[in-house]
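Participant: give me a 3D structure for the following:
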Amino acid sequence: MRYVSAGILFIVTIITACSPKTSKVKSSDNDWTTLFNGKDLKDWFVKIHHHEVGDNYGQTFRVEDGIIKVRYDKYDGFNERYGHLYYKTPFSKYHLKMEYRFVDGWMKDAPSYTILNSGVMYHSQDPRTMPKEQDWPISVEMQFLAGLPDGQPRPTGNMCSPGTEIVYQGTKYNGHCLNSTSKTYPPGEWVTAELIVLGDSLITHMINGDTVLQYSKPSIGGGVANRYDPKQKVEGKPLVSGYIALQSEGQPIDFRNIQLKNLEK
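Facilitator: The predicted structure is shown next:
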């Protein structure tokens, strides 16, 4: 079922009513912070599979025309170089919004599921705790997809859970990804994605102003993430806070207008 947003104050009010842990959430419209300055990546840092933290292999993440671009034109092959661009500061309770669009240039040696597929990770582990050969950060993903040529529905704003677990409709969700109720958007179109995170309480995904998915209680657990430091994967530990990261997994994508409202007192 889809719920249409009636404004940020309304959304935050509804979420606060749904969760006993949100009494300290504030809802002023004057507190948006721009995370990306449109000029460079000085407030961001990179971790790419097979590479050390800070090695932006092939200029995977670059800034052009006021946009963060994910590109592979300097790659000799994808070689499972799953990458993430992390904002410098971790957060716990916040409202994140950005625009994204998919562009051409998918790496043909990447897994087929990565076609027109990217996302933003939240509550991520610090990438400086990731071994060089860890593929995915322990985190939760708001997954972005675009429609394929077959014309089949392909919603965006989904949830995926590398090394994590969530509760959906009151029950622990056993799958890795959970589809939203969004419509399908074509590649090349700018889409507005919003993520409202209330610590380890309620999580809300919004696409172009519509609430398309809600779930709760993110915690560490499950599979998918590989070759991590065992000390970082404490099964059942609630995910209260963590880093935000833009994803690179073989499909070129653009990001712009990245803003965050801190909802902590």
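Participant: and Tyr113, that one's in a helix?
Facilitator: Yes: according to DSSP: H, G, I helix; E, B strand; the rest coil, Tyr113 belongs to a helix.
Participant: OK, contacts around Phe36?
Facilitator: 43-44, 68, 255-258 (Cβ atoms under 8 Å, 6 or more residues apart in numbering). All C-beta atoms are positioned from the backbone trio N, CA, C, and that covers glycine.
Participant: a markdown table please, covering the residues you listed and showing distance to Phe91.
Facilitator: As requested, the contacts of Phe36 are exported to a markdown table (distance: Cβ to Cβ, whole Å):
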| residue | distance to Phe91 |
| --- | --- |
| Asp43 | 13 |
| Trp44 | 14 |
| Ile68 | 18 |
| Phe255 | 17 |
| Arg256 | 20 |
| Asn257 | 18 |
| Ile258 | 13 |
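Participant: which other helices and strands contact the helix or strand that contains Ile258?
Facilitator: Ile258 belongs to strand 253-262 when elements are defined using DSSP states H and E. The contact analysis (3 or more Cβ pairs under 8 Å, 6 or more residues apart in numbering; DSSP states H and E) places strand 253-262 against strand 32-34, strand 67-70, strand 93-102.
Participant: list the buried ones in it?
Facilitator: Along strand 253-262, these residues count as buried under the neighbour rule (16 or more other Cβ atoms under 10 Å): 253-258, 260-262.
Participant: pLDDT of it, averaged?
Facilitator: Across strand 253-262, the average pLDDT comes to 98.
Participant: given it, what are its sheet partners and their directions?
Facilitator: strand 32-34 (antiparallel), strand 67-70 (antiparallel), strand 93-102 (antiparallel) (DSSP bridges).
Participant: could you dump it to PDB, C-alpha only?
Facilitator: The C-alpha coordinates for strand 253-262 follow below in PDB (Å, rounded to 0.1, in the frame of the first residue of the first chain):
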ATOM      1  CA  ILE A 253      24.900   6.300 -11.800                       C
ATOM      2  CA  ASP A 254      24.700  10.000 -10.900                       C
ATOM      3  CA  PHE A 255      23.900  11.600  -7.500                       C
ATOM      4  CA  ARG A 256      23.100  15.200  -6.700                       C
ATOM      5  CA  ASN A 257      21.300  17.400  -4.100                       C
ATOM      6  CA  ILE A 258      22.300  15.300  -1.200                       C
ATOM      7  CA  GLN A 259      20.900  16.800   2.000                       C
ATOM      8  CA  LEU A 260      20.400  15.600   5.600                       C
ATOM      9  CA  LYS A 261      18.300  16.800   8.500                       C
ATOM     10  CA  ASN A 262      19.700  15.600  11.900                       C
END
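Participant: quick check: closest non-adjacent residue to Asn37.
Facilitator: Using Cβ to Cβ, 6 or more residues apart in numbering and skipping residues adjacent in sequence, the residue nearest Asn37 is Asp43, 7.2 Å away.
Participant: kindly report the same for Leu96.
Facilitator: Spatial nearest neighbour of Leu96, chain neighbours left out: Leu195 (4.5 Å); criterion: Cβ to Cβ, 6+ apart.
Participant: phi and psi next, for the one you found.
Facilitator: Phi and psi for Leu195, reported as degrees, to the nearest 10, are phi -130, psi 120.
Participant: just checking, it touches Gly119?
Facilitator: No: if you go by Cβ atoms under 8 Å, Leu195 and Gly119 don't touch, sitting 10.2 Å apart.
Participant: the more surrounded of these two?
Facilitator: Neighbours per residue, other Cβ atoms under 10 Å: of Leu195 and Gly119, the larger number sits with Gly119, 25 against 20.
Participant: am I right that that one falls within a strand?
Facilitator: Yes: under three-state DSSP, Gly119 falls within a strand.
Participant: who does it bridge with?
Facilitator: Beta-bridge partners, per DSSP bridges, of Gly119: Gln143.
Participant: how about it, what does it touch?
Facilitator: Gly119 makes contacts with 141-144, 160, 247, as judged by Cβ under 8 Å, 6+ apart.
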